[in-house]
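Q: got a sequence here, can you model it:
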Amino acid sequence: MAFTLMFFFAMSALTLSLLPVVAAELRQRFALSASEIGLLTSVFMFAYGGIGIPAGATAARWGGRVLAASAACFVIGSLVFGLSSSMAGFLVGRGLQGLGGGMVVPVCSPVLAHMVAYHRLNRAWGIFGTGWGAGIMLALLIMPSVAGAGGYRAVFLTTAGLGLAVGGAALSQRAIRALPQHPEGATTLRALGRALGAAAVNRRILLLGLFNGAGLAVGVGVLVWTPGFLHIKFGSSESVAAYLTAGLGLTQLVANPLGAASAARRGKLTVILGSLAAMTVATALVPVVPGLWLVFVFVVLAGFFTMTYFAPLFGLVPEVVSRPEHVGPATGFINIVGFAVSLLTPWIFGLLLDTLGSGAAGTGPGGSGGAGRGYVAGYLFLAAFAAAGVAGAVGFRPNKRAEGGTA
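A: Next up, the predicted model:
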């Protein structure tokens, strides 16, 4: 079941990562500006973050059946984008894709919590989380060939077909379609509203949201700004940025099961704390270490540690809520807190570059061109998010034990 749900998570990462594959064609054919290309990603992210709480609350009542709506958004959104020739159609398509992606974790969290035995839940999250790296690699290593053969239309029509296949595979499983078993009245609108209110004042839920936001801030920040940093400091080409992105996807693919296995041995909180600490150090060192490949190593390490604590983080949710039916709403709340924490980080990083300077371009792969103070400040700013997570993890206290699943 976790393996099947993993493909839904892969669809989230895949759809998020498609714009770099088709951006050049959209600029050439439709004269879209850089800000319009950026707006297409912003629309996706706003939809992705905004749907978390409604999706989690709905999943508390309907369980994995809500994934039918997620699959529909993937399919319809991809079709709308692929068959459109205007900015309006592109915006609608990206918004629908974002809704589909934003439903996945809040829906799958209660499904896993209710259907997987407690002692196997961490392993299930480790399997599920590998979808993120797999989706990024599919988008950036396979989809460019699809785009070369048939343009952006082929990319998004292929994505629609994948969404249909993933949705059919998941909903064919009885365990995923099963309705959660809760006490009568536990999933009424009033009860779900109380669950959201409880999540909003639950210190441990807020801390999990902070941990989630730290990973999002670092992951998105290094992905967006490191190619420019490598060009400024070392004069690297666009191909280096592509290799960097693919390397991040590969390491994140490996990071999830390793994090889950480590949590089983050493405990969830230990892995979260260690990952945040390592992510802080790796991110802070990116702008100051010498040599392109050493920078590459620390960027990949930072990306790696953003995902090693994914499984233990969401595996902790059943341990910090008072009732099983609160898992879905709490997960949606964690998602939106993480989104809110990390939303402005790429913009603030850019503001630091504008204010403090980005430096002069390097002379080549081994060049000594100086990245300015703006990059140093920007990476330290990202590292500060992870450091805040470390401080929160030190004071985090989960319940002694959560009740297990039913299988």
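Q: mind giving me the packing neighbours of the top helix by length along the chain?
A: In the chain, taking DSSP state H as the definition, the longest helix is helix 203-234. Where contact means 3 or more Cβ pairs under 8 Å, 6 or more residues apart in numbering; DSSP states H and E, helix 203-234 is packed against helix 238-266, helix 268-285, helix 292-307, helix 310-315, helix 317-320, helix 327-342, helix 345-356, helix 373-394. Just so you know, the C-beta spots here come from the backbone N, C-alpha and C atoms, and that holds for glycine as well.
Q: buried ones in stretch 89-99, by neighbour count?
A: The neighbour-count check on stretch 89-99 (16 or more other Cβ atoms under 10 Å) flags 90-99 as buried.
Q: so which of these comes closest to residue 272?
A: Closest to residue 272 out of the buried residues of stretch 89-99 is residue 98 (26.9 Å), distances taken as Cβ to Cβ.
Q: ok, the closest residue in space to the closest one that isn't next to it in sequence to residue 141 distance?
A: Spatial nearest neighbour of residue 98, excluding adjacent residues (Cβ to Cβ, 6 or more residues apart in numbering): residue 47 at 3.0 Å. Between residue 47 and residue 141 the computed distance is 26 Å (Cβ to Cβ, to the nearest Å).
Q: can you check residue 33 too?
A: 28 Å.
Q: how about residue 302?
A: 21 Å.
Q: neighbouring contacts of the helix or strand residue 27 falls within?
A: Using DSSP states H and E, residue 27 sits within helix 19-30. Here helix 19-30 makes contact (Cβ atoms under 8 Å, 6 or more residues apart in numbering) with 32-34, 37, 40-41, 85-87, 90, 139-140, 143-144, 147, 151-152, 155-156, 245.
Q: flag every buried residue along that helix.
A: 19-23, 26.
Q: where in the protein is pLDDT low?
A: Counting by pLDDT under 70, the chain has low-confidence residues at 34, 182-189, 192, 224, 237-243, 245-246, 343, 358-371, 398-407.
Q: walk me through the domains of it.
A: Domain assignment of the chain by automatic domain parsing yields the ranges 1-181, 188-407.
Q: contacting residues around residue 167?
A: So residue 167 contacts 67-68, 70-72, 74-75 (Cβ under 8 Å, 6+ apart).
Q: where does residue 179 fall, phi/psi-wise?
A: phi -80, psi 140 (degrees, to the nearest 10).
Q: hmm, it is touching residue 60, no?
A: No: with contacts counted by Cβ atoms under 8 Å, residue 179 stays clear of residue 60, the gap being 10.5 Å.
Q: out of those two, which sits in the busier spot?
A: residue 60 (30 against 12; other Cβ atoms under 10 Å).
Q: the closest residue to residue 260 other than its chain neighbours sits in which helix or strand?
A: With Cβ to Cβ, 6+ apart as the criterion, residue 260 has its nearest non-adjacent residue at 2.5 Å, and that residue is residue 126. In this assignment (DSSP H and E), residue 126 forms part of helix 118-137.
Q: counting contacts, what elements does that helix pack onto?
A: Using 3+ Cβ pairs under 8 Å, 6+ apart: helix 118-137 touches helix 2-16, helix 87-115, helix 238-266, helix 292-307, helix 310-315.
Q: mind listing what residue 387 touches?
A: For residue 387, the contact set (Cβ under 8 Å, 6+ apart) comprises 276, 280.
Q: tell me how far it lies from residue 286.
A: Where residue 286 is concerned, residue 387 sits at a distance of 15 Å (Cβ to Cβ).
Q: ok so, going back, ok now the helix holding residue 126, how far from the chain's centre?
A: 12 Å (Cα atoms, centre = their mean, to the nearest Å).
Q: okay, angle between it and helix 203-234 too, please.
A: 30 degrees (axes from the mean of the first three to the mean of the last three Cα atoms, to 10 degrees).
Q: which other residues reach stretch 277-285?
A: Applying Cβ under 8 Å, 6+ apart, the set of residues contacting stretch 277-285 is 214-215, 218, 222, 298-299, 301-302, 305-306, 379-380, 382-383, 386-387, 390.
Q: and if we set it to 6 Å?
A: 218, 298, 301-302, 305, 379-380, 382-383, 386-387, 390 (Cβ atoms under 6 Å, 6 or more residues apart in numbering).
Q: and which of those is nearest to residue 312?
A: Among the contacts of stretch 277-285, residue 305 lies closest to residue 312 (Cβ to Cβ), at 12.5 Å.
Q: got the phi/psi numbers for residue 178?
A: phi -60, psi 140.
Q: kindly apply the preceding question to residue 86 instead.
A: Dihedral angles (degrees, to the nearest 10) for residue 86: phi -140, psi 160.
Q: re earlier: so the residue nearest to residue 98 sits in a helix?
A: Yes: counting by DSSP: H, G, I helix; E, B strand; the rest coil, residue 47 falls inside a helix.
Q: tell me the contacts of it?
A: Applying Cβ under 6 Å, 6+ apart, the residues contacting residue 47 are 95, 98-99.
Q: closest one of the residues you listed to residue 249?
A: Once Cβ to Cβ is applied, the member of the contacts of residue 47 that ends up nearest residue 249 is residue 98, at 19.6 Å.
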